[in-house]
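Colleague: model this:
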Amino acid sequence: MKLEEYRTAKTALEKGASIAPGDTKFKKLIDECDLQIAEEEKDLVQPVPSTLPLSSTAPPVSEVDLTPAPAAPAKAKYRHEYYQKPEEVVVTIFAKGIPKQNVNVDFGEQILSVVIDVPGEEAYYLQPRLFGKIIPEKCSYEVLSTKVEIRLAKAEIITWASLEHGKGPAVLPKPNVSSEVVSQRPDYPSSKKVKDWDKLEAEVKKEEKDEKLDGDAALNKFFREIYQNADEDMRRAMSKSFVESNGTVLSTNWNEVGTKNVESTPPDGMELKKWEI
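Modeller: Residues are numbered from 1 along each chain as shown. You can find the predicted model right below:
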């Protein structure tokens, strides 16, 4: 592994260690990177040959800057992408033919750590601090023939703006409004004050109840209230007695009128006459 590759790996490990300070494996790998970086830098710094002629205008050898130029960032070995659902984020790393034993995936409260280390090849690291928190015990991964598929269970039902933390605001999902909670009352656009339909209905019922009637109207109202508040047997008794007696008897006792025909009983001083058609 070249010097710039060790530096890139060290940077990734230091990021993981800052997020999970209690994980000792990061420190061990960082120390190993430091050792390799020191070896590589020692090989790059070579003494200036003594046979070279020294110009009167050339700076002393001790003042020559032998620090290597910063290396360009190493290109990731494998490409990765992600998509999400309301309850999970699916991360895909496109790595073909990787043995399962060479893939190590760990989950933290808000960190994903992926290491693909195949003997004889450059190790691959993906250790982002995630955009949102996850539930580690519900996360899983699968090593397939062409890719590594990782499923992250979201701790909150929000839409991630990116895979990594700090790259955009979270988006709350739109609430599902059930049709059952939508008011069935008519609501028309108007500049006037919206009417309270429940209150209006209650007022109408109260007016009907308190209405003062005379004569047959009062009697009919009285019978209607009895019928509305009666149980099934009382209603059957009232209907049977009224019809069979030609409107001269109104009984609420089904046990009394249910087993016999109800005879007409005209009021005192009046005579029942049958009309022939």
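Colleague: which ones are touching the nearest residue to residue 165 once chain neighbours are set aside?
Modeller: Once its chain neighbours are removed from consideration, residue 165 has its nearest residue in residue 129; the separation is 4.4 Å (CB to CB, 6 or more residues apart in numbering). For the C-beta atoms, the positions are set from N, CA and C on the backbone; glycine is no exception. By CB atoms under 8 Å, 6 or more residues apart in numbering, the contact list for residue 129 reads 15, 19, 110-111, 164-165.
Colleague: show me which of the residues you listed are buried.
Modeller: For the contacts of residue 129, a neighbour count by 16 or more other CB atoms under 10 Å gives the buried set as 19, 110-111.
Colleague: which of the residues you listed sits closest to residue 81?
Modeller: Distances from residue 81 to these, taken as CB to CB, are shortest for residue 111 (18.8 Å).
Colleague: which phi and psi does the closest one have?
Modeller: With angles defined as degrees, to the nearest 10, residue 111 shows backbone torsions of phi -140, psi 140.
Colleague: that one touches residue 17, doesn't it?
Modeller: No - look at residue 111 against residue 17 with CB atoms under 8 Å: they stay out of range, at 10.6 Å.
Colleague: now do the same end-to-end measure for stretch 234-254.
Modeller: For stretch 234-254, the separation between the terminal residues is 6 Å (CA to CA, to the nearest Å).
Colleague: and stretch 250-263, by the same measure?
Modeller: End-to-end distance of stretch 250-263 (CA to CA): 11 Å.
Colleague: what is the rounded mean pLDDT of that stretch?
Modeller: Per-residue pLDDT values over stretch 250-263 give a mean of 80.
Colleague: quick one: residues in contact with that stretch.
Modeller: Contacts to stretch 250-263, defined as CB under 8 Å, 6+ apart, come from residues 223, 226, 230, 233-234, 236-238, 240-242, 244-245, 249.
Colleague: so which of those residues belong to helices?
Modeller: 223, 226, 233-234, 236-238, 240-242, 244 (DSSP state H).
Colleague: which among those residues count as buried?
Modeller: Looking at the ones in helices among the contacts of stretch 250-263 with 16+ other CB under 10 Å, the buried ones turn out to be 234, 237-238, 240-242, 244.
Colleague: what about residue 167, how many neighbours?
Modeller: 10 (other CB atoms under 10 Å).
Colleague: surely it meets residue 161?
Modeller: Yes - under the criterion of CB under 8 Å, residue 167 makes contact with residue 161 at 6.1 Å.
Colleague: which residues are in contact with both of those two?
Modeller: Counting by CB under 8 Å, 6+ apart, the contacts common to residue 167 and residue 161 are residue 131.
Colleague: check which helices and strands the lengthiest helix in the chain sits against.
Modeller: Determined from DSSP H, the single longest helix within the chain is helix 24-44. Helices and strands in packing contact with helix 24-44 are listed as helix 3-19; criterion 3 or more CB pairs under 8 Å, 6 or more residues apart in numbering; DSSP states H and E.
Colleague: if you count neighbours, what's buried in the helix it packs on?
Modeller: Using 16+ other CB under 10 Å as the burial criterion, the residues of helix 3-19 that qualify are 3-10, 12-13, 16-17, 19.
Colleague: same question for that helix, mean pLDDT?
Modeller: For helix 3-19, the mean pLDDT works out to 77.
Colleague: so which other helices or strands are in contact with it?
Modeller: Helices and strands touching helix 3-19, by 3+ CB pairs under 8 Å, 6+ apart, are helix 24-44, strand 124-126.
Colleague: about what we covered before: could you export the buried ones among the contacts of residue 129 as CSV, including distance to residue 255?
Modeller: Below are the buried ones among the contacts of residue 129 laid out as CSV (distance: CB to CB, whole Å):
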residue, distance to residue 255
19, 83
110, 76
111, 80
